[in-house]
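K.L.:
please find the sequence and the predicted model below.
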Amino acid sequence: MKKVFVNGYGSIGSRIAKFVKEDSDIDVIGIGKHSPDEKVQYAINDGFSVYVPKDESGNFKDFDISGSIESVLDDCDLVIDASPGGKGIFNRKNIYEPKDIKAIFQGGETVFNDNAVADILFNSRVNYAEAFDKKYVMQGSCNVTGMGRILNPLKEKYADSLTRFDVTLVRRWADLEQTDKEITDTIEMTEQPHHGTDVKAFFGNDVPLFVRAIKVPTRQMHLHIMDIRFNEKAPTVDEIHTLFKNEYGVAILWTAKGTKDIRNFAESTKFNFKDTNMLHIHANMTKSVDDTIQLMYSDDQTGIVIPENHMLLQAMLFQRDYNDAVKRTEKLFGMEEKKKLLEKHFSKS
Ligand SMILES: NC(=O)c1ccc[n+]([C@@H]2O[C@H](COP(=O)([O-])OP(=O)(O)OC[C@H]3O[C@@H](n4cnc5c(N)ncnc54)[C@H](OP(=O)(O)O)[C@@H]3O)[C@@H](O)[C@H]2O)c1
């Protein structure tokens, strides 16, 4: 059994810890908390041993803390770092490197410049086996993971006729759990979004991908509006939907009016955390016009990267065959069943 520590217990870390602890090959030896707030007790109540930074243990006197993050990592196979974006690089330099321990970083970090946390950005559908021998790997962010999952099947099928992808990312303002984060009534423009560059980290710089991003006042997922251009007449709408029919982690929905409909369904059907863990192609919005396919899909911001982290764990800790890894991830997340239920509920008729 491999020992895994989850450093950070926010939107992403708490989900990862709760799902991964169900894997019989993995022992989640604890989680890292950095603020002495009520979530420390939630984590203990959830059955986790809580560890805190050595220098800050005095602030956690009111809680039953199991020890320091620094000491628990002395006997650990891999850390999943789920710290706020930009902090992972400090953890790598100050803790993980000196302890010579493997680590997974999340999408708020970078693989470029002096702050690079890793030399590989992971997308299970694209470069699964490349993570086998790596000590440090960055999991793509939710938007980057989503774009990879759409672009890869398109590239595989239409490599010779694709000429350009233009994507507008309509990003959510905050997560469901971030109740203390105020949602501002504005549409915010993002200068130089990192998402296109991150996608190119696994597809190569020559991918003709152009990304714009805005942020809108909602907690209910991201929406990607994508124009896919061909050097000939574009495929039919049916052909595009058929391409994604059996794609793992992609559901094809016809009657969702908005992203909240999907979240409400996930909640009423008791999906864990109200997450679908996937992308939803809004099939009623797909158009084939001359040389262009117009596609819209929503991206479950918090849910989508959690099964990806599990895939990545399996690559880094067990070098497991891809299909076996998918089977084990499916056992934990039940995404095939979720997809079936979603597609039935939002079916055409
Ligand atoms: N939220 C999403 O939808 C989403 C989707 C994909 C990827 N990501 C990425 O996932 C990462 C985590 O995001 P999140 O949304 O989970 O953030 P979050 O909800 O703000 O949680 C961050 C957690 O990190 C802890 N933390 C604070 N300082 C730390 C440090 N120095 N080292 C380790 N942990 C520390 C915080 O602990 P305390 O609360 O105790 O201070 C908190 O539990 C980011 O890189 C983000 O870009 C987020």
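P.N.:
Done, it's in.
K.L.:
which residues of the stretch 101-250 of the chain lie near the ligand?
P.N.:
Taking Cβ under 6 Å from any ligand atom as the measure of proximity, the stretch 101-250 of the chain contacts the ligand at 106-109, 141-142, 175. Every residue, glycine included, has its C-beta placed from N, CA and C.
K.L.:
let's see it at 8 Å
P.N.:
On the criterion Cβ under 8 Å from any ligand atom, the ligand has as its neighbours in the stretch 101-250 of the chain the residues 105-109, 139, 141-142, 145, 172, 175, 177-178.
K.L.:
OK, contacts around the residue of the stretch 151-300 of the chain found nearest the ligand?
P.N.:
Residue of the stretch 151-300 of the chain nearest the ligand, by Cβ to the nearest ligand atom: Asp175 (4.8 Å). Listed by Cβ atoms under 8 Å, 6 or more residues apart in numbering, the contact partners of Asp175 are 11, 181, 219, 301-302.
K.L.:
helix, strand, or coil at it?
P.N.:
Asp175 carries the three-state label coil when classified by DSSP: H, G, I helix; E, B strand; the rest coil.
K.L.:
spatially nearest residue to the closest residue to the ligand within the chain, not counting backbone neighbours?
P.N.:
Distance from the ligand to each residue of the chain (Cβ to the nearest ligand atom) is smallest for Gly10, at 1.8 Å. Across the structure, with Cβ to Cβ, 6 or more residues apart in numbering as the measure, the residue nearest Gly10 apart from its sequence neighbours is Ala82 (6.6 Å).
K.L.:
measure how buried that neighbour is and give me the count.
P.N.:
By the criterion of other Cβ atoms under 10 Å, Ala82 has 28 neighbours.
K.L.:
residues contacting the nearest residue to Ile225 once chain neighbours are set aside?
P.N.:
Here the nearest residue to Ile225 in space, its sequence neighbours aside, is Thr168; by Cβ to Cβ, 6+ apart that works out to 4.5 Å. Neighbour list for Thr168: 211-214, 224-226 [criterion: Cβ under 8 Å, 6+ apart].
K.L.:
out of those, what pair is the most spread apart?
P.N.:
When the contacts of Thr168 are compared pair by pair using Cβ to Cβ, the two farthest from each other are Ile214 and Met226, 14.5 Å apart.
K.L.:
so for these two, which residue has more residues nearby?
P.N.:
For Ile214 versus Met226, the count of surrounding residues by other Cβ under 10 Å is larger for Met226: 20 against 13.
K.L.:
helix, strand or coil for the more buried one?
P.N.:
In the three-state summary, Met226 is assigned as strand, counting by three-state DSSP.
K.L.:
and it, what does it touch?
P.N.:
When the contact criterion is Cβ under 8 Å, 6+ apart, the partners of Met226 are 150, 165-168, 294-297.
K.L.:
identify the bridge partners of it.
P.N.:
Val167, Leu295 (DSSP bridges).
K.L.:
quick one: mean pLDDT for stretch 25-43?
P.N.:
For stretch 25-43, the mean pLDDT works out to 97.
K.L.:
for it, buried residues please.
P.N.:
Buried residues in stretch 25-43, counting neighbours by 16 or more other Cβ atoms under 10 Å, are found at 26-34, 36, 39-40, 43.
K.L.:
and what of stretch 70-80?
P.N.:
Of the residues in stretch 70-80, those buried by neighbour count under the rule 16+ other Cβ under 10 Å are 70, 72-73, 76-80.
K.L.:
number of nearby residues for Glu177?
P.N.:
Taking other Cβ under 10 Å as the neighbour definition, Glu177 ends up with a count of 16.
K.L.:
pretty sure it sits against Ser11.
P.N.:
Yes - taking contact to mean Cβ atoms under 8 Å, the distance of 5.6 Å between Glu177 and Ser11 places them in contact.
K.L.:
contacts only, for Phe5.
P.N.:
The neighbours of Phe5, taking Cβ under 8 Å, 6+ apart as the test, are 28-32, 51, 69, 72-73, 76, 78-80.
K.L.:
ditto for Leu295
P.N.:
Applying Cβ under 8 Å, 6+ apart, the residues near Leu295 are 150, 224-228, 240, 281, 285-286.
K.L.:
returning to that earlier point: of the contacts of Asp175, buried ones?
P.N.:
Buried positions within the contacts of Asp175, assessed by neighbour count (16+ other Cβ under 10 Å), are 11, 219, 301-302.
K.L.:
in whichever helix in the chain runs longest, what counts as buried?
P.N.:
Ordering each helix of the chain by length in residues (DSSP state H) puts helix 142-158 first. When burial is assessed from 16+ other Cβ under 10 Å, helix 142-158 yields the following buried residues: 142-154, 158.
K.L.:
could you do stretch 341-349 as well?
P.N.:
Taking 16+ other Cβ under 10 Å as the basis for neighbour counts, the residues of stretch 341-349 that come out buried are 341-343, 345-346.
K.L.:
again, but for stretch 43-54
P.N.:
Buried residues in stretch 43-54, defined by neighbour count with 16+ other Cβ under 10 Å: 43-44, 48-53.
K.L.:
those residues in helices, which ones?
P.N.:
Using DSSP H to define helices, the subset of the buried residues of stretch 43-54 located there is 43-44.
K.L.:
of the buried residues of stretch 43-54, which are in range of the ligand?
P.N.:
Restricting the buried residues of stretch 43-54 to those touching the ligand (Cβ under 8 Å from any ligand atom) yields Pro53.
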